[in-house]
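Undergrad: just a sequence and a predicted model for now, questions to come.
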Amino acid sequence: MSTITDRDFQRSLAALFREELGFYRSLYVLLDRQRDWLKYERDSRIIDIFEDIGKLNKRIQESHDKILNVRQTNREAFEHALAAADIARLVDNIVSLINKCMELAGENETIAAAKRDRLKAELSGLSDGGRFYGSLRTKAAPRFVDQQR
């Protein structure tokens with residue numbers, strides 16, 4: 001029967017946290033890019049943004065599941081490993097990145113809501129124009145064009 005030592009567990013946990021840190025760095029870059037797309041009128045990329053959001057939600061859930069699985073497998077070793085300086089630093093970095101990602105996501109949501117409101121106003125203007133011209137059409141007499149020339 002093989003047992004995993006505390007040091008081996010810390011190494012594997014540190015590797016897992018490094019992987020998750022890399023993911024959250026990528027997430028930050030992606031959210032920053034999405035903000036630029038939203039901010040600078042790259043409307044053609046909005047579908048890509050929504051596609052990315054779906055993938056990211058799935059990946060975030062996978063991240064949580066991985067960590068919870070490791071924690072439940074060996075709770076005592078997990079808690080002991082969290083006290084190690086290198087792992088604590090990794091966790092702090094992940095928490096900081098998550099906070100930055102949440103700020104960016106909030107900015108993106110604000111920009112997207114403003115865009116939605118602008119589009120709604122434009123569509124309302126189009127609808128008003130349609131009603132206006134529709135009302136003109138019903139009042140005007142029919143016109144016949146003489147086809148003999």
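TA: Yep, that arrived.
Undergrad: use CA for all of it now, contacts and neighbours both
TA: OK.
Undergrad: now do residue 103, the pLDDT please.
TA: pLDDT recorded at residue 103 is 94.
Undergrad: which neighbouring elements make contact with the strand or helix carrying it?
TA: If you go by DSSP states H and E, residue 103 is part of helix 85-139. With contacts taken as 3 or more CA pairs under 8 Å, 6 or more residues apart in numbering; DSSP states H and E, helix 85-139 sits against helix 6-39.
Undergrad: buried ones in the helix it packs on?
TA: 9-10, 13-14, 16-18, 20-21, 23-25, 27-28, 30-32, 34-35, 37-38 (16 or more other CA atoms under 10 Å).
Undergrad: distance from it to the middle of the chain?
TA: 14 Å (CA atoms, centre = their mean, to the nearest Å).
Undergrad: so how far is the helix or strand that it is followed by from its chain's centroid?
TA: Proceeding N to C from helix 6-39, the next assigned helix or strand is helix 46-73, under DSSP H and E. Between the centre of helix 46-73 and the centre of its chain there are 11 Å (CA atoms, centre = their mean).
Undergrad: tell me the angle helix 46-73 makes with helix 85-139.
TA: 150 degrees (axes from the mean of the first three to the mean of the last three CA atoms, to 10 degrees).
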